[in-house]
Structure formats: C-alpha cells, structure tokens
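S.K.: Return atomic coordinates for the entry below.
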Amino acid sequence: MDKTQEIIESLLHVQTKADGQSFAESLKAELLEGWGSEVEIYSSMKAIAHAVKCFIDDKDIKDMVSEAINRGETPINGAKVEVKEMGTRYKYQGTAFDHYEQQMKPYQDLLKDAETIGKSIKTVTEFTCPETGEVLTILPAIKTSTTTPVITLK
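M.R.: Reported below is the predicted structural model:
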C-alpha cells in the first residue's frame, strides 16, 4: 500500500475531534521526518477538505441526515446529534424597523464611500472642509493581514 492510500485509509477511521487531531499530528510528524512533498500533501488535504465541505453543505445530504436523526438514528461515535434552526435572518420590510433601516441607509452608503477613500490614502493627507474651512488631517488606514498558503483546486 502506498503512502497516499495509507492516508486515505487513516482518514476513514477519523470518527471524533480527537481522532482528527491525532491524524493531523501524525501526518505533520511524517512530513517533518521528510516523508513526501509538503506541497503535494497540503494540496491533497485541501482537495479532501473541499470534497468534505461539498458533501456536508449539500442540501439533499442535510435533508437525508435530518430525516435520519428525526427517526432516532445516532452515530456510532457517540457524537451529539440534533436538528436545529441555523442561520436565522430577519426581514424588516413592512415592520416598524423598516423606517429606521431606511433612515440608516444614507449613512451606511457614506461610511462605505469613506472606507473606499480611506483605503486609497497611502500617506498622511490634509483636507480642508469646504463648508467650515476646518483643516482635517487624514491618516492612512492601518492594514492588517495574515499569510497562508493558497492552493486553488482545478
């Protein structure tokens, strides 16, 4: 059995968070020992994560699992299962809140425009307000980010 098949076989035995953590640590240890191509393994894990996400996010799969839970089925790994409301959104059209939402819209648009301008300012800039004559000092926005390997699957 080649190493890729071993990895897949190991993944099939992941049943709990602890199993998943153990699998990840084991794979990391093997990479640190010099086994395999880091980029190839990372890319494969990215593809597997995508496949799992596609499976988990599929509406038909969710419906089938919800029906199974409602019938009383439980997983073999002892995980807690339940069907519950998720991603609740409220629509305020036609309610008293609709009035306030409409009043906020111009300010939200102004804030969005100000953020766009703020991102474009690269150095300290002085601006004179045409209405008041007040001189404002505008500092460039502080950009923060992290770096991570990105692998785009075909």
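S.K.: Longest helix in this protein, please.
M.R.: Of all the segments assigned as helix in the chain under DSSP state H, the longest by residue count is helix 96-120.
S.K.: contact partners of that one?
M.R.: Applying CB atoms under 8 Å, 6 or more residues apart in numbering, the contact partners of helix 96-120 are 92, 138, 140, 141. Every residue, glycine included, has its C-beta placed from N, CA and C.
S.K.: Find the pair from the residues you listed with maximum spatial separation.
M.R.: Pairwise distances across the contacts of helix 96-120 (CB to CB) peak at 36.2 Å, for the pair 92 and 140.
S.K.: what separates the spatially most central residue of the chain from residue 38, distance-wise?
M.R.: In the chain, the centroid-proximal residue (CA atoms, centre = their mean) is residue 53; its distance is 11.2 Å. Distance, residue 53 to residue 38, by CB to CB, to the nearest Å: 22 Å.
S.K.: re the thing from before, sticking with the residue nearest to the centre of the chain, tell me its helix or strand.
M.R.: In this assignment (DSSP states H and E), residue 53 forms part of helix 38-57.
S.K.: Please apply the same query to residue 126.
M.R.: Judged by DSSP H and E, residue 126 forms part of strand 125-128.
S.K.: From the contact counts, what lies against that strand?
M.R.: Helices and strands touching strand 125-128, by 3 or more CB pairs under 8 Å, 6 or more residues apart in numbering; DSSP states H and E, are strand 135-138.
S.K.: what about the protein, any weak spots by pLDDT?
M.R.: Residues of the chain that meet the criterion pLDDT under 70 lie in 1, 147-154.
S.K.: Could you list the domains of it?
M.R.: 3-70, 96-138 (automatic domain parsing).
S.K.: Can you add distance to residue 82 and give the ones you listed back as TSV?
M.R.: Output for these, formatted as TSV (distance: least, CB to CB, whole Å):
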stretch	distance to residue 82
domain 3-70	7
domain 96-138	31
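S.K.: most tightly surrounded among those?
M.R.: domain 3-70 (a mean of 12; mean count of other CB atoms under 10 Å).
S.K.: Tell me how far that one lies from the chain's centre.
M.R.: 17 Å (CA atoms, centre = their mean, to the nearest Å).
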